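Undergrad: just coords:
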Ligand SMILES: NC(=O)c1ccc[n+]([C@@H]2O[C@H](COP(=O)([O-])OP(=O)(O)OC[C@H]3O[C@@H](n4cnc5c(N)ncnc54)[C@H](OP(=O)(O)O)[C@@H]3O)[C@@H](O)[C@H]2O)c1
């Protein structure tokens, strides 16, 4: 697998990252190890987890796998801290909460540092100053190499960048955010997470900060929009977030392109992200549930979409950036 050099990071990472959210919980340890092995064999060296995933089971599972396969030194690990599902809005960004989270994360993974810690869901009630000071404290203690954010507003990211410059802090190096061919339904008000819209795209083009694209297949919704006829058999969340006329049109185009090229829909969606479509560095965070799905997703490495195909998938690129498709 190709490696990429993310801006501001001193080592290369594999161009695909493996999302391990359900490892050890929805996916058994045996299946999780199988998925990790497949990814590793294809050259994948970049894993994504979070303190909250499976209440620690995800971090424990990847830690056990790395120890069992003796591959810790080869892997770059991202975990996310500062989220607590037992709290209202799931936020836990105070100093003591971040310090507790990172120590728990390290003890679950079983190693004394990880490469990246990202702030999972922002809490605007906590000052950016307190958060950055805490992340610097964690970095100086040698527990992480870099830090970044996930699901933060552009305004708060700009505030963090300004503060980091003023104080000579390392600052955010990666933003993990939803990015895929779909457009999240604006009527889906309950979500605390964010997706790459016009404002994020402009911010990332300007700063060149890398985007870790989570939910690269829109949680599987685009495939299901066609197969399950408008997501009827899908999870409630998917229906709320993705069942829109716009996404149905994208799903139709994916289906047509898949039919014409023989590439699976998932491969086309990931290849689109790998094409760096908006002019800033992106690495997709794969969410395959089964070995078959993962092998299918990894097939994206073997295809290159033509400019015509890319344009066909995002025929609205200009309009998209102007938000025209909400009308
Ligand atoms: N920072 C955050 O707030 C945040 C939020 C979400 C995710 N993440 C990270 O991103 C990772 C991936 O997110 P995600 O699970 O939403 O990714 P995703 O790839 O968009 O969705 C995964 C789902 O897509 C379907 N799928 C996967 N491979 C497929 C294939 N080859 N063909 C057809 N369908 C396929 C499966 O649906 P079925 O299960 O229905 O088969 C699977 O459960 C997570 O593991 C996590 O590490 C981060």
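TA: Received, thanks. Worth saying up front: this structure is predicted, and the values here are computed from it rather than measured. Numbering: from 1, shown residues only.

Undergrad: mind checking the SS state of the closest residue to residue 183 other than its chain neighbours?
TA: In this structure, residue 183 finds its nearest non-sequential neighbour in residue 246, 5.4 Å apart by C-beta to C-beta, 6 or more residues apart in numbering. For every residue, glycine as well, the C-beta is placed using N, CA and C. Secondary structure state of residue 246, per DSSP: H, G, I helix; E, B strand; the rest coil, is helix.

Undergrad: Next, count neighbours for residue 246.
TA: Neighbourhood size, residue 246 [other C-beta atoms under 10 Å]: 15.

Undergrad: Could you check how far it is from the ligand?
TA: For residue 246, the distance to the ligand (C-beta to the nearest ligand atom, to the nearest Å) stands at 17 Å.

Undergrad: I'd assumed residue 181 was in contact with that residue.
TA: No. Between residue 246 and residue 181 there is no contact under C-beta atoms under 8 Å: 10.2 Å.

Undergrad: What parts of this structure come near the ligand?
TA: With C-beta under 6 Å from any ligand atom as the criterion, the chain comes near the ligand at residues 19-21, 48, 80, 150-151, 176, 193, 214-220, 223, 266, 285-289, 293, 296-297.

Undergrad: Weed out the non-buried ones from the residues you listed.
TA: Among these, those classed as buried by neighbour count (16 or more other C-beta atoms under 10 Å) are 19-21, 48, 80, 150-151, 176, 214-220, 223, 266, 285-288, 293, 296-297.

Undergrad: so who does the residue positioned nearest the centre of the chain touch?
TA: Centrality entry for the chain: nearest residue to the mean C-alpha point is residue 214, 2.7 Å, by C-alpha atoms, centre = their mean. Taking C-beta atoms under 8 Å, 6 or more residues apart in numbering as the contact definition, residue 214 lies against 19, 48, 150, 176-179, 285, 287.

Undergrad: can you do 10 Å?
TA: When the contact criterion is C-beta atoms under 10 Å, 6 or more residues apart in numbering, the partners of residue 214 are 17, 19, 21, 48, 150-151, 176-180, 193, 195, 284-287.

Undergrad: Any idea how many residues pack against residue 87?
TA: For residue 87, the number of neighbouring residues by other C-beta under 10 Å comes to 11.

Undergrad: correct me, but it touches residue 125?
TA: No. Between residue 87 and residue 125 no contact is recorded; they are 11.6 Å apart, counting by C-beta atoms under 10 Å.

Undergrad: Quick one: the helices in the stretch 101-250 of the chain, in order.
TA: 128-140, 154-167, 198-207, 221-227, 236-242, 245-261 (DSSP state H, counting those that start in this stretch).

Undergrad: now for the last one, which elements pack on it?
TA: Meaning helix 245-261. When contacts are defined as 3 or more C-beta pairs under 10 Å, 6 or more residues apart in numbering; DSSP states H and E, helix 245-261 sits against helix 221-227, helix 236-242, helix 265-274, helix 307-313.

Undergrad: pLDDT averaged over the third one - what is it?
TA: The one in question is helix 265-274. Averaging the model's pLDDT scores along helix 265-274 yields 97.

Undergrad: and the angle for it with helix 245-261?
TA: Here helix 265-274 runs at 110 degrees with respect to helix 245-261, directions being taken by axes from the mean of the first three to the mean of the last three C-alpha atoms, to 10 degrees.

Undergrad: so where's the stretch 151-300 of the chain uncertain?
TA: Applying pLDDT under 70 to the predicted model, the residue ranges of the stretch 151-300 of the chain that meet it are 188-192, 227-235.

Undergrad: can you tell me the residue of it closest to the ligand?
TA: When you check the stretch 151-300 of the chain against the ligand by C-beta to the nearest ligand atom, the closest residue turns out to be residue 287, at 2.2 Å.

Undergrad: Could you tell me how far that residue is located from residue 17?
TA: Distance check for residue 287 against residue 17: by C-beta to C-beta, to the nearest Å, it reads 10 Å.

Undergrad: what does residue 251 give?
TA: Counting by C-beta to C-beta, the gap between residue 251 and residue 17 amounts to 24 Å.

Undergrad: what do you get for residue 268?
TA: Distance check for residue 268 against residue 17: by C-beta to C-beta, it reads 19 Å.
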